[in-house]
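*Asks:* quick one: sequence plus predicted model below, questions after.
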Amino acid sequence: LLAPTTLAGTRDAFYRRRMPELPEVETVRRELAPWLEGRTIREARRVDAPAGPKYLHLEDAVGQTIRAVDRRGKFLILPLSGSDELIIHLGMTGVLTPTRPDRHVRAMISLEPLAEQPDALYFQDTRRFGRFLVAPYGDRSCLPTLARMGPEPLDPEFNAATLFAGLNSRVTIKTHLLSQRPVAGLGNIYVDEALWRARIHPETPANAVSQARTTTLTEAIVAVLQASLASRGTTLKDYRTTTGERGGFAAQLDAYGRTDAPCHRCETPIRRTVLGQRSTHYCPRCQRRAKRPTRRT
Ligand SMILES: [Zn+2]
């Protein structure tokens, strides 16, 4: 058995390890696009990683040109000039960088040289939850989360009606939003933040959130993602931009990671609970559990 102090330390380290979400992945996308788009791949391979489904068919990318650097939810998708696309998921600890890291490089591509531009992209991933693979264009059969992903929250078409239609489940609103099905790109941090802003208790059944409250939630999701993007995301431990910098949004969090700290609206201590095995933070006063859930007609 671990001594209690060790256990607490372990729990804290795990707690700070979190998956990059939409603002972090979009920040990386914006940094990669200017120097990767239009470049031809000269070499693509696994480095310090076993063969397996996380790093499929990299050799197929050789000779193809990167047409764009796109994003879908938490995935980076690079359509190639042939019939393939390079799909990257940062997992928990994934970092993409043109500077070769000392350790934990799982995959890399090198590019035909171009003056004053980096000639390689390295995928460093300490914990190996990430993916870096080539698949036929539009074939999402090996990526079920991507295949059934909901709308992009920063697309102009995303609105309260779209989200309301997606809240068609009896599971808790927190768990349902994490599934990526009602809306893409939200993980543990931004779900807690959006629910705090919209004053929705995280254990509310998704299909009991009223139409009016869904409108507030829609606005909260867009606002928190845009605010985080403006700070280039949230770094608690691992996430870095492609230039090795930390995202600056952690200082602006209202709920996530603020256990026992006063609510920024009402000064009630923020409560932490575990919901669907995910740490969940909310204000027990601002985010009241409905006495009788609003039934949909
Ligand atoms: Zn409060």
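*Replies:* Nice, I can see it.

*Asks:* mind listing the helices for the stretch 1-150 of the chain?
*Replies:* 4-16, 22-36, 144-147 (DSSP state H, counting those that start in this stretch).

*Asks:* mean pLDDT for those: which is lowest?
*Replies:* Among the helices of the stretch 1-150 of the chain, helix 4-16 carries the lowest mean pLDDT, at a mean of 42.

*Asks:* which parts of this structure sit against the ion?
*Replies:* Within the chain, the residues that sit near the ion (CB under 5 Å from the ion) are Cys263, Arg265, Cys266, Thr268, Cys283, Arg285, Cys286. Any C-beta I mention is one placed from the backbone N, CA and C, and that applies to glycine too.

*Asks:* are any of those buried, and which?
*Replies:* Neighbour counting with 16 or more other CB atoms under 10 Å marks Cys263, Cys283, Cys286 as buried within those.

*Asks:* in the stretch 51-200 of the chain, where is pLDDT below threshold?
*Replies:* Scanning the stretch 51-200 of the chain for pLDDT under 70 picks out no residues.

*Asks:* that one: strands as residue ranges?
*Replies:* 70-72, 75-79, 84-89, 94-97, 105-111, 120-125, 131-136 (DSSP state E, counting those that start in this stretch).

*Asks:* so for the third one, what gets flagged as buried?
*Replies:* When you say that, I think you mean strand 84-89. Asp84, Glu85, Leu86, Ile87, Ile88, His89.

*Asks:* got the contact list for the third one?
*Replies:* For Leu86, the residues meeting the contact criterion (CB atoms under 8 Å, 6 or more residues apart in numbering) are Ala44, Ala61, Ile66, Ile77, Leu78, Leu80, Ile109, Phe132, Leu133, Val134.

*Asks:* could you rerun that using 7 Å?
*Replies:* Residues near Leu86 by CB atoms under 7 Å, 6 or more residues apart in numbering: Ala61, Leu78, Leu80, Val134.

*Asks:* so Arg285 sits against Thr268, correct?
*Replies:* Yes. The criterion here is CB atoms under 7 Å, and Arg285 meets it with Thr268 at 4.1 Å.

*Asks:* ends of stretch 168-180, how far apart?
*Replies:* One end of stretch 168-180 sits 13 Å from the other (CA to CA, to the nearest Å).

*Asks:* which residues does that stretch contact?
*Replies:* By CB under 7 Å, 6+ apart, stretch 168-180 touches 73, 145, 149-150, 167, 182-183, 186-187, 191, 195, 200, 202-207, 209, 275-276, 278, 280.
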